[in-house]
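Undergrad: all I have is the shape, not the residue letters:
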């Protein structure tokens, strides 16, 4: 085994660790066909090779004349042991161990490569990721296709099936709860999001287990996870592993083990994942966490360990308990509610409670009063409701979520059996207000391109629609603007074309509906290149319903990207009130077989039925 240890050189393991090359050790690998051939690198593409097991080294840069990333990706062809590749601005190929190289791409994107992978199922299929670009070749580099139908952001790693050249997986860095792992089964024509159940943390690496049912391992900022094609859930796979960043994973097939390199805690090894041999670890998510009364919340089981039974508890919800794996629950009363999930399988069980998990904001008005109707048999009923008089009464077919049937004080539907309808009151919009730094004149700064993780924290004290804010853009292009909630979930996002406007503010209309909560975070995902103040910001920026509390810069005075926010307060609708249309002649299972209307049913005092 060989590893780059940055400040501590490149080190080889043969029972004990020994430094074999000095300098800042970066990516290194050993020839899978001849372990005397080794390759190691230092920062920004200083490539080296050894033909005697690491005892001596020579340069492997050859004729490469481009810049490389701080950690320059390079690796051996998985099919042809005599070929290696290195990713700089372009992809380079060597068939003599790095003595000389051939450039096999001509990318117009001049950023340095972050990762590439050669398919072991067909080594003419190669995938390349760079900041602002994702590419594929199916002919060994003669021509390249730009892949545009994937989310923006930093693709950190690419894995390929060893039996199917159409299959590949990509991982993302950053803190977007929706974009972690994606899969293609048709060489990038379409992609499937596999991110559900992964914590909102950067994904640093992915490895495919050969000859498996699409078994995958990912290395993240908080350990490793596993899934295969039989499960939609990523299983935590970090027992005994320190709670540290996993930077790279590799499977050692000779010993059926997987190895993980970590940031600051060395190399770790484990046996491969064995499905069905672990007790469950209860975990779950929901379609929303903050809303108004009448909300329908879809809960999703993300438990590891393949549980076989589920027991949910939903205080404040309807139903209040469930044994379904993924139940739908209605919340009709303002309040803050916990959720509990108990999971079990043949090996054991686990319980997880998330306190303050569901927040239903209160309405300024009382729930409507309703008057139902009674009839015998199918036909029209006349229903009515009374509200505060300041809003619009809405009729629904469910106590939460559901379909809007009509509006107004009265509703006259046709029924075929006893039916319950539900009424709430939608209230008018409130006042418009403004918040945030008003422009770039109050402090120094620059256009920011270093990453896409910087932004602003803000609190919301009553429901609002954030309609717009102003930005200063150094370049034209699509920007994806997202709000992340306090649990790390993507709360809202939108992609908008922003023209170059470096000296005049450009108004970005986003129309984000945001409910009361603390520690929301707004930022760009992918391309930024917007103006950031590096001095002059004075927090908090307070207003009637939105307070900008700070940035994640770690230093005072910084203010990121979004100036002069405009928002309008919205009043939460009321809760829903039931309104029953009662069919007094509805008796299941009996019918007048002759259809001559002389079949009568009436109850006796004893409760028996006489005909």
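TA: Happy to help now that I have it. This is a predicted model, so every value here is computed, not measured.

Undergrad: can you give me the end-to-end span of stretch 297-306?
TA: By CA to CA, to the nearest Å, the extent of stretch 297-306 from end to end equals 23 Å.

Undergrad: same check, this time on stretch 3-17
TA: Start and end residues of stretch 3-17 are separated by 10 Å (CA to CA).

Undergrad: use 108 as the first number for this chain going forward.
TA: Noted, 108 is the first residue going forward, which turns the last one into stretch 110-124.

Undergrad: any weak-confidence spans in this protein?
TA: 283-284, 547-550, 694-718 (pLDDT under 70).

Undergrad: residue 629 and residue 586: what is the separation?
TA: Relative to residue 586, residue 629 is positioned 12 Å away (CB to CB, to the nearest Å). From N, CA and C alone the C-beta is placed, and that goes for glycine too.

Undergrad: who's more crowded, these two?
TA: Applying other CB atoms under 10 Å to residue 629 and residue 586 shows that residue 629 carries more neighbours, namely 25 against 22.

Undergrad: which residues touch that one?
TA: Neighbouring residues of residue 629 by CB atoms under 8 Å, 6 or more residues apart in numbering: 562, 563, 565, 588, 589, 590, 591, 669.

Undergrad: and the third one, how far from residue 373?
TA: Which is residue 565. The separation that residue 565 has from residue 373, given CB to CB, amounts to 40 Å.

Undergrad: equivalent analysis for the fourth one, please.
TA: The spacing between residue 588 and residue 373, counted by CB to CB, is 39 Å.

Undergrad: cool, and the first one?
TA: Plainly put, residue 562 is 33 Å away from residue 373 if you go by CB to CB.

Undergrad: comparing the two, which residue is more hemmed in?
TA: residue 562 (25 against 13).

Undergrad: would you list the phi and psi of the more buried one?
TA: Phi and psi for residue 562, reported as degrees, to the nearest 10, are phi -180, psi -160.

Undergrad: from memory it sits against residue 631, does it?
TA: Yes. Counting by CB atoms under 8 Å, residue 562 touches residue 631, with 7.5 Å between them.

Undergrad: could you pull out the residues contacting both of these two?
TA: Shared contacts of residue 562 and residue 631, defined by CB under 8 Å, 6+ apart, comprise residue 668.

Undergrad: where's residue 623 relative to residue 567, distance?
TA: 5 Å.

Undergrad: whoops, residue 242 was the one
TA: Separation of residue 242 from residue 567 (CB to CB): 41 Å.

Undergrad: any idea how many residues pack against residue 502?
TA: 23.

Undergrad: residues contacting residue 366?
TA: Residues near residue 366 by CB under 8 Å, 6+ apart: 108, 356, 357, 358, 359, 374, 375, 376.

Undergrad: the same query, at a cut-off of 6 Å, please.
TA: Residues near residue 366 by CB atoms under 6 Å, 6 or more residues apart in numbering: 357, 376.

Undergrad: residue 112 and residue 132 touch, don't they?
TA: Yes. Contact criterion CB atoms under 6 Å: residue 112 and residue 132 qualify, at 4.8 Å.

Undergrad: which of those two has more residues huddled nearby?
TA: Between residue 112 and residue 132, residue 132 has the larger neighbour count (other CB under 10 Å), namely 23 against 17.

Undergrad: looking at strand pairing, list the partners for residue 511.
TA: In this entry, residue 511 is beta-bridged to residue 503, by DSSP bridges.

Undergrad: how much space between it and residue 629?
TA: For residue 511, the distance to residue 629 (CB to CB) stands at 31 Å.

Undergrad: repeat that for residue 263.
TA: Distance, residue 263 to residue 629, using CB to CB: 23 Å.
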